[in-house]
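# The following block contains a protein sequence and its predicted model.
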Amino acid sequence: MKLTIENVSHQFGDVKALTNIQCELTEGIYGLLGTNGAGKSTLIRAMVDLIKPTSGHIALDGRAIHQLGNQYRECLGYLPQNFQGYPQFTAEKFLNYIANLKGMSPTSAHTEVEQLLCLVDLIDVKHKKIKTFSGGMLRRLGIAQALLNNPTILILDEPTAGLDPIERIKLRQILMELSQYKLILLSTHIVSDIETIADEVLLMNEGELLVKAIPEELTAQVNSYTWEVEYEKFEATNDSLIISQIKNEEGCKKVRIISEYKPYEEAVNVAATLEDAYVYYMNRENKQG
Amino acid sequence: MKIYYEFLKVFQQRELYVGLIICTLLYGLSFKISSADTINLAVVNGIPYIGYWFIIIMTIIVATHSEVFEQEHAMNELLGTLKKGHVSLTRTKLLVQALMSLSIVSYFFILTLVISVVMWKDVPNFNVVDSPYVPFTMNSWLILGIEFTIALLGSVFLNFIMQFLAQFIKHSGWLMIIGGTIFIGIEVLTRYGIFSDIKIINWLTTYSFNNVLSMTIFTSFWNYTIQDVSTFLLLGSMVMFGMIIITRKIRSYV
């Protein structure tokens, strides 16, 4: 299975939302990172065939997805950013409804709905109305509906929004288990959501795909630019320095700085994280822009 | 199964119950006011003066929430990615809306029956169509059937027009305001004869749903038969159905 995004550009009136996006995705987990308004949701909407790109096309195994139509939808699971569900439906009823719209038979739908409700820990509240659900429960229901009919392509827009830390870990476990035979794309602006599970990371900024690489590759490029210094030594007024993190370590406040040169005499070069790489790329692009 | 879920969505609307209570009360009161003289007058007055308000108002309420329901629950995006979330779902919605029109009209006729029996201990003869094509000598059950058919086809046609508008106006409030304003506007123009000398106003009031569903079209214009009107309403409903499906196919991208 290969999903090809070929020179995809999209415009809303005069506003360019996507500019010449080009990449290939196969089985595995992909993390789509970018600031708010970077074009992540527009790219996702093009990938799930909700919008037709102004130019370029997206193809599954060489066939354009808008031509595949229902054939493509059969193998697609999608969680939109602003998923709400029907407030008066119970969780079970809602999943059965979505299963019906996915073309599943009532018997197989019933079995799968039960399994998915167990998987996302909503089995005990399956008869409760969606309007009584918390943000996290609603998100888990959204994930469950995306997994219905065992899709081979799973596209999740901000799946961890509203989830507590335990739920986030659980979601990562679920996705890791599923990723062997599926193409999973996670869109987020929270780097830690994908740091440990993504096979590849796609960084987007202002409608452009900056880089597509494995996390180790991304961090390796920034390793020599990542510095740590005690907070007291850090001059907050120095605007040219890019701060990636301020943390409290053993009672000592430390600042993580991304800089192509050693910013302070006392600064120590440390191993970069994906968050450091993200901060580096975003700032580099903004400076160039 | 899809029909079951669409019915569930329809019955979630609070407006449906509020409208039903208000319309039932109004209809009951209209009998009380207009029926001082004779039983026959009361029954005759049922549809042409107040009764059709019931059908039009309830049809507008039911129709306005169908298509925009998904928009108002932010479900369009998800449904657009499902195999049967596009045209197939729209077809089901239209079928459910037609069944809802059937329910509204049936409820209305049953209500008339109940009110008549309760108030006058008599079954209404439903002789509301005063037309040479529907003579009073005709079997009263046949007349009932004719009225029921016209009311049902009119309600379905109106419903589908609202559904078509909903393809472009994605807000139930606006749809209700548009539908309600047209209904009230035509009602005022017809009742008070305002601008009746202007040809277009005259045409509008004549061929309005108000005139068709009140069966006045048969009394005012002798050259329209029951067959003419029912064929027009049926064809109109079919054309609207087709146009909605075509619009959905063209506008498949949200």
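Arrived safely, thanks for sending. Predicted model, so just to flag it, every value in this text is computed and none were measured. Numbering: from 1, shown residues only, chains lettered A, B, ... in the order given.
# Look up how far B:Ile21 lies from the residue of the stretch 151-289 of chain A found nearest chain B.
Among the residues of the stretch 151-289 of chain A, A:Ile155 lies nearest to chain B; the distance is 8.5 Å by C-beta to the nearest C-beta. Placement of C-beta: from N, CA and C, glycine included. When C-beta to C-beta, to the nearest Å is the yardstick, A:Ile155 and B:Ile21 sit 45 Å from each other.
# can you check A:Glu177 too?
As judged by C-beta to C-beta, A:Glu177 and B:Ile21 stand 52 Å apart.
# With A:Asp124 instead?
Distance, A:Asp124 to B:Ile21, by C-beta to C-beta: 37 Å.
# residues in contact with the residue lying closest to A:Asp164 once chain neighbours are set aside?
Nearest in space to A:Asp164, with sequence neighbours left out and distances taken as C-beta to C-beta, 6 or more residues apart in numbering or on different chains, is A:Gly136 at 5.9 Å. Shown here is A:Gly136, whose contacts under the criterion C-beta atoms under 8 Å, 6 or more residues apart in numbering or on different chains are A:Gly162, A:Leu163, A:Asp164, A:Glu167.
# Buried subset of those as a ChimeraX selection?
In ChimeraX, a selection of the buried entries from the contacts of A:Gly136 looks like this (16 or more other C-beta atoms under 10 Å in any protein chain shown):
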select /A:163,167
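# among the contacts of A:Gly136, which are in strands?
Judged by DSSP state E, these include no members of strands.
# from the contacts of A:Gly136, which is closest to A:Tyr86?
Minimum separation from A:Tyr86 among the contacts of A:Gly136 (C-beta to C-beta) is found for A:Gly162, which lies at 18.2 Å.
# Disregarding residues adjacent in the polypeptide, which is nearest to the closest one?
Among residues not flanking A:Gly162 along the chain, A:Gly135 sits closest, at 3.3 Å (C-beta to C-beta, 6+ apart).
# do the same with A:Ile123
By the measure of C-beta to C-beta, 6+ apart, the closest residue to A:Ile123 outside its immediate chain neighbours is A:Leu117, 4.4 Å from it.
# How far away from the center of its chain is the helix or strand that contains that neighbour?
Taking DSSP states H and E as the definition, one finds A:Leu117 inside helix A:106-119. Helix A:106-119 sits 25 Å away from the centroid of its parent chain (C-alpha atoms, centre = their mean, to the nearest Å).
# Of all the helix elements in chain B, which one is longest?
Scanning chain B for the helix with the most residues, using DSSP state H, yields helix B:87-120.
# which helices and strands sit right next to it?
Under the contact criterion of 3 or more C-beta pairs under 8 Å, 6 or more residues apart in numbering or on different chains; DSSP states H and E, helix B:87-120 touches helix B:2-10, helix B:14-34, helix B:39-45, helix B:52-64, helix B:140-166, helix B:226-250.
# Comparing those by mean pLDDT, which bottoms out?
Taking the mean pLDDT of each of these, the lowest value is held by helix B:39-45, a mean of 44.
# what's the closest non-adjacent residue to the closest residue to chain A within the stretch 101-250 of chain B?
Using C-beta to the nearest C-beta, the point where the stretch 101-250 of chain B gets nearest to chain A is B:Lys249, with a distance of 11.0 Å. Computed as C-beta to C-beta, 6+ apart, the closest residue to B:Lys249 that is not its neighbour in sequence is B:Val87, at 6.0 Å.
# what do you get for B:Met1?
Across the structure, with C-beta to C-beta, 6+ apart as the measure, the residue nearest B:Met1 apart from its sequence neighbours is A:Asn100 (5.0 Å).
# cool, A:Gly39 as well?
On the basis of C-beta to C-beta, 6+ apart, the spatially nearest residue to A:Gly39 that is not a chain neighbour turns out to be A:Gly207, at 4.0 Å.
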